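*Asks:* No letters, just coordinates:
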């Protein structure tokens, strides 16, 4: 049975993109020479993987104003809100890059802390799923009780699959 999680304040909250964790990243590590953005070579410090993913989204779309606002955001929810306002936004481009961005960001996050790395490695080959009833892209589109009751997933589980990839890469 997969390991289901939801929220940063519950069991396995470390897997949530809202979980507080400081680490550094640079967009060039992901995008190499494939995009042209003023922000690509800047190394920033973030306080959550939500902030990191939204920052990378802004850089990918070459929205330096949003990238700067996200870099200076005070919370994961503020980062998420700012990330929804990135313009111009091209969903086709985002779909091409979002999983690579997730794996990169989560690798940085879980490599930054022995505690986080230990929690991830202790999942011992289990599938991991974000049981978010409201998220059919990053989560499975149903809650933990439904998932444990055998209800079919309605989401892509990008976050869960990225966590498994990172765990396997770091072992």
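*Replies:* Here it is on my side, so go on. This one's a predicted model, so the numbers in the text were calculated from it and none came from an experiment. Numbering: from 1, shown residues only.
*Asks:* Nearest spatial neighbour of residue 166, chain-adjacent residues omitted?
*Replies:* residue 106 (4.6 Å; C-beta to C-beta, 6 or more residues apart in numbering). C-beta: built from backbone N, CA, C; applies to glycine.
*Asks:* quick one, what contacts the one you found?
*Replies:* 49, 162-163, 166 (C-beta atoms under 8 Å, 6 or more residues apart in numbering).
*Asks:* Take those residues and write them to CSV, including pLDDT.
*Replies:* As requested, the contacts of residue 106 are exported to CSV (pLDDT from 0 to 100):
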residue, pLDDT
49, 99
162, 99
163, 99
166, 99
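*Asks:* Reformat those residues as TSV; add neighbour count.
*Replies:* Formatted as TSV, the contacts of residue 106 follow (neighbours: other C-beta atoms under 10 Å):
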residue	neighbour count
49	27
162	26
163	27
166	23
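*Asks:* Which helix or strand contains the most centrally placed residue in the chain?
*Replies:* Geometric centre of the chain, nearest residue: residue 102, 4.6 Å, by C-alpha atoms, centre = their mean. Assigning secondary structure by DSSP states H and E places residue 102 in helix 91-111.
*Asks:* Okay then, goodbye and thanks.
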